[in-house]
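A.B. asks: Need the 3D shape of this:
(2 chains)
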Amino acid sequence: MSLKVYNSYSRQKEDFKSITPGHVGMYVCGPTVSGESHLGHARPYITFDVLFRYLTYKGYKVRYVRNITDAGHFEEEGREAEDKVGKKALLEKLEPMELVQKYTNLFHWAFNQFNCLEPSIEPTATGHIVEQIDMIKKIIAEGYAYEINGSVYFDVKKYAAGHDYGKLSGRIIDDLLSTTRELDGQEEKRDTADFALWKSAAPEHIMRWSSPWGDGFPGWHIECSAMATKYLGAEFDIHGGGMDLQFPHHESEIAQSTICNHTAPVKYWMHNNMITINGKKMGKSYNNVIKLTELFSGDHPLLSQAFSPMTIRFFILQSHYRHPLDFSNEALVASEKAFKRLWEAYEVLRILPVNEAVIDGTNPLLESKVLNWLGEFEEFMDDDLSTPKVIANMFELAPIINSFKDGLVAADAIAASTLLLLKEKFRIFLEDIFGLRSEHSTNNEMLKGVMQLLIDMRREARNKKDFATSDKIRNQLNDIGILLKDEKDGGMSWTI
RNA sequence: GGUCCUUUGGCCGAGUGGCUAGGCAAAGCUCUGCAAAAGCUUCUACAGCGGUUCGAAUCCGCUAGGGACCUCCA
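C.D. replies: Residues are numbered from 1 along each chain as shown, chains lettered A, B, ... in the order given. Reported below is the predicted structural model:
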């Protein structure tokens, strides 16, 4: 089976074929570490983590590059260009790199909580100033950039004359060139559509580097082009990021890299949609963000409780990555319950005994349904990562799994081979590909021993019809967060 | 203002021409000392209007609402 992905550049689903057989180069725009990550940031990194995992499952050796933007990206409108990282640092009275370190650590911590695999390479913008300067030099040499007052701008009009500038973002170049908007600090550009490759730094700028054009800092888009080229080559397979980066960021990346490397840089552009809150995009500019730390702690006016990283991961996977996802406390509560139920079914499945003697199941209809649902796991993922459909199938299978445990379905209803396949597919898709995991460590031997003792005591009490004692054990365990469940066969199990 | 997208049952959310997605909530039942959990059952929607078609949530047009980008943004 072959993977199809939606390519933003062609606006259609395409068969995925890697440039180098067996290998995939993937670049994803990483965080700007001038502040704390919020729920909106979780989406791309979880989405592309799943893609990374899925490509690996498909047998590709993937080099996954995700940058850390620890410089650059500037405020421009209505005021002098300012280095965002440097500005915040002054406010917080921290060294710029101290601030960057703090938020980088926080980012790593949060996405470790989300069980996101680490990228193969996580380059920083400040660590690649030299590469960026080299790239700018080449673009100047090619005649597509010009220097004015220590700054360097990309000549969009010239580029657009021979290239399809605006194709990725569906922009019409003439509209861009005839912007009616008045922007300060734009007068030195030849054209308003031009973008900065290098910006001259005012004396008070803390973050600055020397360059052939004087002291300054790199422009908005050049870091991704430089680092992607360095680690993935002039042409690589996948470039991912949020939809809001299509213009101008990715459009400009294409232009820079195309001029510098004489080839279009990316084969498949993939963009995730936004997370909205009350229908509005969650973003810094809207002042409506919910930080990840607030989500994890529940410390936010819109939240009724804390939500675990796996709940959020599951919530994100329940919708398709290219569709908008509206946040609400209720939706997260629903996801929390759904995930818990699914995960517990999975834990039941793992310890379900397999009778190798069952060659043919006694319930062919059930068996064919199970096989069909399992087969669709990969089929759905191949269709542009349709994670919600895979999850829907898992929920079709969950009651069947629970019915096996409760004896509502005969143990020999399906062949041993099918049961083994069921176990394997659940493990691969739930754990390896979706990156979900148990929230709680229940493999603490000491806790297991204590629980067994309490279960034994409760059973003895129940046998003696001493329900006061048995209820006390159950209720008090419940109060501290352990749920005792009486099984159909008289046994007991527990979950946190 | 320009470009583009979107509108699904109480809520979330799949779905691109014909066959009940799924989850959460709610109700009933089974099981149970009670409860929880689990299982079973019920709840059949596609913004409005018009068109194409044997047949449309799905294609086209108009109307209304919402949103994104155009400026840092995942």
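A.B. asks: Which parts of chain A belong to which domain?
C.D. replies: Here the domain parsing of chain A from automatic domain parsing is A:4-272, A:280-433, A:445-495.
A.B. asks: right, so of these, which gets closest to RNA strand B?
C.D. replies: domain A:4-272 (1.7 Å; C-beta to the nearest atom of the strand). Glycine gets a C-beta too; all of them are placed from N, C-alpha and C.
A.B. asks: got the end-to-end distance for that closest one?
C.D. replies: For domain A:4-272, the first-to-last residue distance is 16 Å (C-alpha to C-alpha, to the nearest Å).
A.B. asks: Get me the contact residues on the stretch 251-400 of chain A for RNA strand B.
C.D. replies: Those residues of the stretch 251-400 of chain A that sit near RNA strand B, judged by C-beta under 7 Å from any atom of the strand, are A:272, A:274-276, A:279-286, A:318-320, A:323-326, A:328, A:330-331, A:333-335, A:337-338, A:341, A:344-345, A:386, A:388-389, A:391-392, A:395-396, A:398-400.
A.B. asks: Are any of those buried, and if so which?
C.D. replies: A:272, A:274-276, A:281-283, A:318-320, A:325, A:335, A:338, A:344-345, A:386, A:389, A:391, A:398, A:400 (16 or more other C-beta atoms under 10 Å).
A.B. asks: In helices, which of the residues you listed appear?
C.D. replies: Using DSSP state H, A:335, A:338, A:344-345, A:389, A:391, A:398, A:400 are the members of these that sit in helices.
A.B. asks: Just send the domains of chain A back as CSV, with mean pLDDT too.
C.D. replies: CSV is the format used below for the domains of chain A (pLDDT from 0 to 100):
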stretch, mean pLDDT
domain A:4-272, 87
domain A:280-433, 94
domain A:445-495, 86
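A.B. asks: most packed of the ones you listed?
C.D. replies: Comparing these by mean neighbour count (mean count of other C-beta atoms under 10 Å), domain A:4-272 comes out on top with a mean of 19.
A.B. asks: what about it, distance to the chain center?
C.D. replies: With C-alpha atoms, centre = their mean, to the nearest Å as the basis, domain A:4-272 stands 17 Å off its chain's centre.
A.B. asks: Tell me which stretches of the stretch 51-200 of chain A form helices.
C.D. replies: For the stretch 51-200 of chain A, applying DSSP state H, counting those that start in this stretch gives helices covering A:84-92, A:96-113, A:129-142, A:156-162, A:173-177.
A.B. asks: Tell me which other helices or strands the longest one touches.
C.D. replies: If contacts are counted by 3 or more C-beta pairs under 8 Å, 6 or more residues apart in numbering; DSSP states H and E, helix A:96-113 sits against helix A:84-92, helix A:292-297.
A.B. asks: Is that helix positioned near RNA strand B?
C.D. replies: No. Judged by C-beta under 7 Å from any atom of the strand, helix A:96-113 stays clear of RNA strand B, getting no closer than 10.4 Å.
A.B. asks: My read is that residue A:322 contacts residue A:271, right?
C.D. replies: Yes. Taking contacts as C-beta atoms under 8 Å, residue A:322 lies within contact range of residue A:271: 7.4 Å.
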